[in-house]
Each structure stands twice: as structure tokens, then as C-alpha cells.
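S.K.: Provided below are the primary sequence and the corresponding predicted coordinates.
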Amino acid sequence: PPKQPGICDKCGGQLFKRDDDKPEAIKKRLEIYHQETKPLLAVYDKLKVLYRIDGAKSIEEVYEQIDCAIGENKC
């Protein structure tokens, strides 16, 4: 939490919660993901056009994974 409630510690600007950050909006986005997006993973995987990138790795490792997936040099 910020040192002063409602004020950003870095820039001093006022903090606010966007409508799309509220629990109801997040729940709706997750419902849509599970209904519409997640099923596409199996389709793309079957077509051999799905590439999984581990975004928890370092920037360099993520870049290397992306480059291997879509770049000139297949790994």
C-alpha cells in the first residue's frame, strides 16, 4: 500500500481503481476466457501452430523462446 492513502509513492498522482479492475469485471473476463479463448488452445495445438512461451523467465530467455518460435532460426 502507498505511504499516503490514495497517493502514488513514485509520482505523487492520485490513485484510483479502474472499472475493469473491479472483481466483477475480472470475473466476467475470466468467464469469457474459459468459454471462448481457452478452447482455441487445443485447436491451435492440433494444427501445430501453438507456441508456449514461459513469461516467468528472464527477458533474454523469453526473447529467445519467441525467436525460436517465430524467428528464422528454429531451435
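M.R.: Arrived safely, thanks for sending.
S.K.: and the gap between the residue nearest the centre of the chain and Glu61?
M.R.: Centrality entry for the chain: nearest residue to the mean C-alpha point is Gly55, 8.5 Å, by C-alpha atoms, centre = their mean. Distance of Gly55 to Glu61, given as C-beta to C-beta, to the nearest Å: 10 Å. C-betas here are computed from N, CA, C, even on glycine.
S.K.: swap in Leu15?
M.R.: Counting by C-beta to C-beta, the gap from Leu15 to Glu61 is 33 Å.
S.K.: need the helices for this structure, in chain order.
M.R.: With DSSP state H as the criterion, the chain has helices at 23-32, 38-46, 59-70.
S.K.: Using JSON lines, lay out those helices together with distance to Pro5, mean pLDDT and mean neighbour count.
M.R.: Output for the helices of the chain, formatted as JSON lines (distance: least, C-beta to C-beta, whole Å; pLDDT from 0 to 100; neighbours: other C-beta atoms under 10 Å):
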{"stretch": "helix 23-32", "distance to Pro5": "20", "mean pLDDT": "96", "mean neighbour count": "10"}
{"stretch": "helix 38-46", "distance to Pro5": "38", "mean pLDDT": "97", "mean neighbour count": "10"}
{"stretch": "helix 59-70", "distance to Pro5": "34", "mean pLDDT": "93", "mean neighbour count": "12"}
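S.K.: mind pulling up the phi and psi values for the residue nearest to the centre of the chain?
M.R.: Backbone torsions of Gly55, given as degrees, to the nearest 10, read phi -70, psi 0.
S.K.: Not counting residues beside it along the chain, what's closest to it?
M.R.: Val62 (6.0 Å; C-beta to C-beta, 6 or more residues apart in numbering).
S.K.: same deal with Cys75?
M.R.: Leaving out its chain neighbours, the residue that sits closest to Cys75 by C-beta to C-beta, 6+ apart is Cys68, at 3.6 Å.
S.K.: surely the one you found meets Asp54?
M.R.: No - judged on C-beta atoms under 8 Å, Cys68 makes no contact with Asp54 at a distance of 12.0 Å.
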